[in-house]
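# Take this sequence and fold it.
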Amino acid sequence: MRTRRAFLTALVGLPLLGGIVIIWRDFAAIFGPRARAEQTVTAIIDFMFPGDGVPSAVSLGIADAIKGMPEFEALIPDGVAWLNSWAVRQGAPDFISPDDDGKQRALEAALASDNAIASEFVSSIRFYAGSIYYAEPGGRFRQC
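Next up, the predicted model:
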């Protein structure tokens, strides 16, 4: 009787445990460091190309396109880490938290930085997002 109960408990419990592990893994993927880094890239692109009367770069899907570029993907973790550490030194918890003036100062500091990755990260976002944004049919130059 006891082994049958243990067997049934294992039979029912293992799939539940497996489901919990899968849910935990997915939760970590959604809210983990990679997701936060991707949110930072989206925030940078939204700050640089907000739309102002025309569709923003983020609404055109440009942030997603840039995050998927293999040549840019390697810069994301270190570039975001640099911006976050700069924001922390200024008293903010991360790059996303400050207002637009704080974001502007952080991006300018990254571009002027001796850290090659930080400056390449921000200049690459500006280059790729700007190139795609102004080539899009909904971009500013097409509407003028």
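
# Provide the backbone phi and psi angles at residue 56.
phi -80, psi 160 (degrees, to the nearest 10).

# Surely it is in contact with residue 46?
Yes: at 6.2 Å, residue 56 counts as touching residue 46 under the criterion of C-beta atoms under 8 Å. Just so you know, the C-beta spots here come from the backbone N, C-alpha and C atoms, and that holds for glycine as well.

# tell me, what's touching these two both at once?
Here residue 56 and residue 46 have no joint contacts, going by C-beta atoms under 8 Å, 6 or more residues apart in numbering.

# Spatially nearest residue to residue 126 (excluding sequence neighbours)?
Leaving aside its sequence neighbours, residue 126 sits nearest to residue 48 (C-beta to C-beta, 6 or more residues apart in numbering; 6.1 Å).

# what about that neighbour, neighbour count?
18 (other C-beta atoms under 10 Å).

# repeat for residue 117
16.

# centre of the chain versus the host helix or strand of residue 40, how much separation?
Here residue 40 sits within helix 33-48, counting by DSSP states H and E. From the chain centre to the centre of helix 33-48 is a distance of 3 Å (C-alpha atoms, centre = their mean, to the nearest Å).
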